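[1] sequence first, then the predicted structure, then my questions.
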Amino acid sequence: MAAALPAFAGALSPDAVARDIDAHGARAVVARLFASGDYDRIMDKIDTGDARWIALVPKLSPGADAGLAEELPIALAFALPNNPRAVLSVLAGKDGFTVEDVCSAPFIEGTVKSIPAYVKHAKAALAHVDDPALAKLKMACMAQLEKALIP
């Protein structure tokens, strides 16, 4: 039987989590993060749009089972209006996340007060992304956001 992974010493950081995943594998680290309550803290940090936490999503994904895996595109959707470039960069990485997963406003009912307001803010943020490498994803995300407005 493998020894349990130690808790994170000091502050939880994206670099520490990434190193831990590299050393122990995503499944073991995600299980420990969930058991300690740190997984939810990480989702909250991704929600803010911090690029360092957003970049961690593809590393966490292989270790997340059904319920936890559903939280990742939702966290990216929350991050979209705050840092669309970082979110589009994750989508460009082909790590299993699609524009439909993230840009469709995939929120659990009641977590976003107004989908139309969310869509407006997300589209305004996306409009400022001028990276040619992300242009197709940007347009696809804009179109998916429009579809989210249709009941």
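    The structure has been received and is ready for your questions.
[2] contacts only, for the closest residue to Lys147 other than its chain neighbours.
    Leaving out its chain neighbours, the residue that sits closest to Lys147 by Cβ to Cβ, 6 or more residues apart in numbering is Ser104, at 6.8 Å. In short, each C-beta sits where N, CA and C put it, glycine included. Contacts for Ser104 (Cβ atoms under 8 Å, 6 or more residues apart in numbering) come out as 77, 144-145, 147-148.
[3] the same query, at a cut-off of 7 Å, please.
    Counting by Cβ atoms under 7 Å, 6 or more residues apart in numbering, Ser104 touches 144, 147-148.
[4] repeat for Lys120
    Contacts for Lys120 (Cβ under 7 Å, 6+ apart) come out as none.
[5] quick one, phi/psi of Asn83?
    Here is the backbone geometry of Asn83 (degrees, to the nearest 10): phi -150, psi 70.
[6] and it, how many neighbours?
    By other Cβ atoms under 10 Å, 20 other residues sit near Asn83.
[7] ok, now the one 3 residues further on?
    A count of nearby residues for Ala86, using other Cβ under 10 Å, gives 21.
[8] pLDDT wise, what is it at?
    Confidence at Ala86, expressed as pLDDT, is 97.
[9] in what element of secondary structure is it found?
    helix 84-92 (DSSP states H and E).
[10] give the next helix or strand downstream of that helix.
    helix 99-103.
[11] send the alpha carbons of the following helix or strand past that next one over as PDB?
    Scanning forward in sequence from helix 99-103 by DSSP H and E, the next helix or strand is helix 115-126. Output in PDB follows, covering the C-alpha atoms of helix 115-126 (Å, rounded to 0.1, in the frame of the first residue of the first chain):
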ATOM      1  CA  ILE A 115     -26.600  34.700 -17.900                       C
ATOM      2  CA  PRO A 116     -27.200  37.600 -20.200                       C
ATOM      3  CA  ALA A 117     -24.900  39.800 -18.000                       C
ATOM      4  CA  TYR A 118     -22.300  37.100 -17.900                       C
ATOM      5  CA  VAL A 119     -22.400  36.700 -21.700                       C
ATOM      6  CA  LYS A 120     -22.100  40.500 -22.200                       C
ATOM      7  CA  HIS A 121     -19.000  40.600 -19.900                       C
ATOM      8  CA  ALA A 122     -17.400  37.500 -21.400                       C
ATOM      9  CA  LYS A 123     -17.900  38.800 -25.000                       C
ATOM     10  CA  ALA A 124     -16.500  42.200 -24.000                       C
ATOM     11  CA  ALA A 125     -13.400  40.600 -22.600                       C
ATOM     12  CA  LEU A 126     -13.000  38.300 -25.600                       C
END
